[in-house]
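**Q** pasting the structure only:
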């Protein structure tokens, strides 16, 4: 990851905290730019491999169409209810499709780790089930901003 967080250094997550947070959460929110720049946000399951966020998207979705036209994306992963519990991360950059679209399970060494992580996290399985409707997008974040309000005094 490149880019530095300028504000909120006191509450930003360390690299290890960020890694554990992204690996442990289940849902992210993906913001794309549609035709004419119209924003679109949607919730999505993902996998984090310590370097890239792997988005598993329906290929017949507005999100997929937006990202094929303009690969720039902002992704938010957050958690917490009370103010002093809030934590999260915003990752931004450009996505790259990986593997066939839609994914049918054709051998793709580049997807082995992402699919292993995803299958275990969401399905409790060792191997990824393929439905022929989804495909993978890889985001190696250009910038990351994180926060953990639990680090505030009294949080």
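**A** On my side now, so go ahead. Model, not experiment: these values are computed from the prediction. Numbering: from 1, shown residues only.
**Q** Might you report the residue contacts of the spatially most central residue of the chain?
**A** Centroid check for the chain by CA atoms, centre = their mean gives residue 53 as the closest residue, at 4.4 Å. Residues near residue 53 by CB atoms under 8 Å, 6 or more residues apart in numbering: 22, 28, 46-47, 75, 91, 138-139, 141. Bear in mind the C-beta positions are built from the backbone N, C-alpha and C, glycine included.
**Q** swap the cut-off to 6 Å and go again
**A** 46, 91, 139 (CB atoms under 6 Å, 6 or more residues apart in numbering).
**Q** and what of residue 94?
**A** 71-72 are the contacts of residue 94 under CB under 6 Å, 6+ apart.
**Q** now swap in the one 5 residues further on and tell me
**A** Contacts for residue 99 (CB under 6 Å, 6+ apart) come out as 108, 111, 136.
**Q** ok, the last one touching residue 95?
**A** Spelled out, that is residue 136. No: Residue 136 is beyond contact range of residue 95, at 9.4 Å (criterion: CB atoms under 6 Å).
**Q** For residue 90, see how far away the residue nearest to the centre of the chain is.
**A** 11 Å (CB to CB, to the nearest Å).
**Q** Likewise for residue 33?
**A** Distance from residue 33 to residue 90, by CB to CB: 16 Å.
**Q** Just the buried residues of the contacts of residue 53.
**A** The neighbour count (16 or more other CB atoms under 10 Å) marks 46, 91, 139 as buried among these.
**Q** I'd like these as a markdown table, with secondary structure appended.
**A** Listed next are the buried ones among the contacts of residue 53 as a markdown table, based on DSSP: H, G, I helix; E, B strand; the rest coil:
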| residue | secondary structure |
| --- | --- |
| 46 | strand |
| 91 | strand |
| 139 | strand |
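**Q** what's the closest of those to residue 17?
**A** Lowest distance from residue 17 to the buried ones among the contacts of residue 53 (CB to CB) belongs to residue 91, with 14.6 Å.
**Q** returning to that earlier point: reformat the buried ones among the contacts of residue 53 as CSV; add distance to residue 9.
**A** Shown next, in CSV, are the buried ones among the contacts of residue 53 (distance: CB to CB, whole Å):
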residue, distance to residue 9
46, 26
91, 18
139, 24
